[in-house]
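Colleague: from the sequence below, what's the structure:
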Amino acid sequence: MEIEILTMVLCALATGVGAFPVLLIRRISHRQMDMILAFTAGIMVSASTYGLIPTSLKLTNLYVLTCGVLLGALLLNVLEYFIPHEDIDHKRTGNMLPRQSLMMVIAMTLHNIPEGLSVGASLASEVENLGLVVALSMGLQNAPEGFLVALFLVNQKVNKFFAVLLATFTGMIELLSSLLGFQLIHAALFLVPYGLAFAAGAMLFIVYKELIPETHGHGYERSATFSFLIGLLSMIGLVEWFR
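Modeller: As a prediction, the model looks like this:
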């Protein structure tokens, strides 16, 4: 149990770690950001299609997998419907109204809840190394996400230290949802296949809805594509290494 909690804590802290470089740099180019996000997308696609989905299928059937994947995607879709997602505009430079900045933080916080549930469910599944792989992939996704949130707030004239603190806070909410997901699945093991499929659906929704669109439209699609493939292969390599 201790190692699972430590894994969840480190995964959540990745958001704050990713936000920390905002204190040290002035700007980051579109190319660099697109490549980071595309690399992250590749990691998440690999973790979903190479780890979560096959494991769920081994434990149950296609019907359960379909329900779980769609539930994960639908939950994120509902959250974004009620709490509109604030897209990060790299070009915007003016001050932002406090209410809008608050909406940005709330949106990212709610966005982290199903991610945390996915990590907790995977760790509670007792499938060898699966929880570690999912936590690692989520952690690698959390780092650039924390950086983007902090960078967005700083660009809107928010104090750098406060921006990093807010970004870290959104990650701590993920820790609470991870603990909830862990306890839920641990208490009812029959939910494991649903939990794994749910995690896959949530991750794939994030990739297609958020990460891939963000990496296109700036003129660096080729760089982003190769970064995606490198991320995909890197996670497959990690999965094979842990087996």
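
Colleague: so how far is the helix or strand harbouring A202 off the chain centroid?
Modeller: Assigned by DSSP states H and E, A202 belongs to helix 192-206. Mean C-alpha position of helix 192-206 versus that of the full chain (Cα atoms, centre = their mean, to the nearest Å) differs by 12 Å.

Colleague: and what of stretch 33-43?
Modeller: Mean-position distance between stretch 33-43 and its chain equals 12 Å (Cα atoms, centre = their mean).

Colleague: which residues of the chain score low on pLDDT?
Modeller: Applying pLDDT under 70 to the chain flags the ranges 1, 26-27, 82-111, 114, 128, 152, 155-156, 189, 242-243.

Colleague: quick check: phi and psi on G219?
Modeller: Taking degrees, to the nearest 10, you get phi 90, psi 10 for the backbone angles of G219.

Colleague: S29 now?
Modeller: With angles defined as degrees, to the nearest 10, S29 sits at phi -80, psi 160.

Colleague: now swap in N159 and tell me
Modeller: According to degrees, to the nearest 10, N159 has phi -50, psi 140.

Colleague: any idea how far V17 is from it?
Modeller: The gap separating N159 from V17 is 19 Å, by Cβ to Cβ, to the nearest Å. (Each C-beta comes from the backbone N, C-alpha and C, glycine too.)

Colleague: who's more crowded, the two?
Modeller: Taking neighbours as other Cβ atoms under 10 Å, N159 and V17 compare with V17 leading, 18 against 11.

Colleague: excluding covalently adjacent residues, which one is nearest to the more buried one?
Modeller: Residue nearest to V17 in three dimensions, not counting chain neighbours: A143, with 6.0 Å by Cβ to Cβ, 6 or more residues apart in numbering.

Colleague: ok, now H216?
Modeller: By the measure of Cβ to Cβ, 6+ apart, the closest residue to H216 outside its immediate chain neighbours is A224, 6.9 Å from it.

Colleague: assess the claim that that neighbour and L37 are in contact.
Modeller: Yes: using Cβ atoms under 8 Å, A224 makes contact with L37 at a distance of 7.4 Å.

Colleague: circling back to that earlier point, which strand or helix spans the residue nearest to H216?
Modeller: Here A224 sits within helix 221-242, counting by DSSP H and E.

Colleague: likewise I173?
Modeller: Using DSSP H and E, I173 maps to helix 160-187.

Colleague: which strands or helices does that helix pack on?
Modeller: With contacts taken as 3 or more Cβ pairs under 8 Å, 6 or more residues apart in numbering; DSSP states H and E, helix 160-187 sits against helix 2-19, helix 98-124, helix 130-155, helix 192-206.

Colleague: could you give the angle of it to helix 130-155?
Modeller: Comparing the axes of helix 160-187 and helix 130-155 via axes from the mean of the first three to the mean of the last three Cα atoms, to 10 degrees yields an angle of 160 degrees.

Colleague: buried ones in helix 160-187?
Modeller: Neighbour-count burial for helix 160-187 flags 163-164, 166-175, 177-179, 181-182, 185-186 (criterion: 16 or more other Cβ atoms under 10 Å).

Colleague: now swap in stretch 12-21 and tell me
Modeller: For stretch 12-21, the buried set under the neighbour-count rule, 16+ other Cβ under 10 Å, comprises A12, L13, A14, T15, G16, V17, G18, A19.

Colleague: which of those lies closest to G219?
Modeller: When those are ranked by distance to G219 (Cβ to Cβ), G18 comes first, at 24.6 Å.

Colleague: and the gap between the closest one and V69?
Modeller: G18 is 27 Å from V69, by Cβ to Cβ.

Colleague: now G201
Modeller: 4 Å.
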